[in-house]
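Engineer: this one's structure only:
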């Protein structure tokens, strides 16, 4: 694994995240990615080789292993980590798109002009992109937790399983390698995933509450401005602009028609 590349990607995501997003990123990197790479892969490295059944019937052991482990925990967690981290890069790509627009705008109108106050500020479309990424991450987390519980019928691995799938001659007892250790790691990874879901939900409520408070503050400020300037309700000839963009030169001041 290229740790420098991963560190660069995580730094880009962390730069535009809220406090909850930074905590989520730390939990994913330290308690999930590091544990997965350093310990979990080694625990499940011999799962099929040490899956023993009390029969010498050719093919019975392989069929029983595939029946009880249609997908390995370690591969399912790898898919989960990929799916839950990819939506975060939507924000980075959106910011990169804004920065490219800013660069082209300055090249056309001069270095003293600006299209955005801050390309990384979560206003307008970027706010919706960030909120959408949180919903997608939460959906993936819950989906993979459900799949893990559905496929294995529990988060706890049994010591012995019984199999009667062909070509097994009869009801065969099979024994899982290191079930206690694997159960501990399973509960740890599930707990880290649940913690990430809680952090995502908290961040969603934080973003919505902050947006509502900002809109209320802006509405009260506009009301106060209208009381001070009675002509504030007059029609402006210049077109309106979004709250996160700066109008082009010469178009900021419009004439009043009262």
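Structural biologist: Sure, I can see it. Just so it is clear, the model here is predicted, and its values are computed rather than measured. Residues are numbered from 1 along each chain as shown.

Engineer: For this structure, which segments count as strands?
Structural biologist: Assignment of strands within the chain using DSSP state E yields the ranges 52-53, 160-163, 172-175, 235-236, 256-257.

Engineer: so which of those strands gets nearest residue 19?
Structural biologist: The stretch from these with the least distance to residue 19 (CB to CB) is strand 235-236; that distance is 37.8 Å. Every C-beta, even on glycine, is put in place using the N, C-alpha and C of the backbone.

Engineer: what's the average pLDDT for the closest one?
Structural biologist: Mean pLDDT, computed over strand 235-236, is 45.

Engineer: next one: stretch 187-206
Structural biologist: Here the average pLDDT along stretch 187-206 is 94.

Engineer: rewinding a little: and the strands of the chain, which one is worst for confidence?
Structural biologist: strand 256-257 (a mean of 38).

Engineer: burial measure for the nearest residue to residue 140 once chain neighbours are set aside, as a count.
Structural biologist: Residue nearest to residue 140 in three dimensions, not counting chain neighbours: residue 83, with 4.4 Å by CB to CB, 6 or more residues apart in numbering. Neighbourhood size, residue 83 [other CB atoms under 10 Å]: 16.

Engineer: Is it correct that residue 83 is in contact with residue 142?
Structural biologist: No. If you go by CB atoms under 8 Å, residue 83 and residue 142 don't touch, sitting 11.5 Å apart.

Engineer: Distance to residue 101 and mean neighbour count added to the strands of the chain, as JSON lines?
Structural biologist: Converted to JSON lines, the strands of the chain look like this (distance: least, CB to CB, whole Å; neighbours: other CB atoms under 10 Å):
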{"stretch": "strand 52-53", "distance to residue 101": "62", "mean neighbour count": "16"}
{"stretch": "strand 160-163", "distance to residue 101": "58", "mean neighbour count": "15"}
{"stretch": "strand 172-175", "distance to residue 101": "60", "mean neighbour count": "17"}
{"stretch": "strand 235-236", "distance to residue 101": "24", "mean neighbour count": "10"}
{"stretch": "strand 256-257", "distance to residue 101": "31", "mean neighbour count": "9"}
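
Engineer: Of all the ones you listed, which one comes closest to residue 32?
Structural biologist: Going by CB to CB, the one of the strands of the chain nearest residue 32 is strand 160-163, 27.5 Å.

Engineer: what distance separates that closest one from the centre of its chain?
Structural biologist: Centroid separation between strand 160-163 and its chain, computed with CA atoms, centre = their mean, to the nearest Å, is 37 Å.

Engineer: try stretch 197-214
Structural biologist: Taking mean C-alpha positions (CA atoms, centre = their mean), stretch 197-214 and its chain are 15 Å apart.

Engineer: how about TSV for the strands of the chain, with distance to residue 131 added?
Structural biologist: Shown next, in TSV, are these (distance: least, CB to CB, whole Å):
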stretch	distance to residue 131
strand 52-53	50
strand 160-163	43
strand 172-175	47
strand 235-236	30
strand 256-257	37
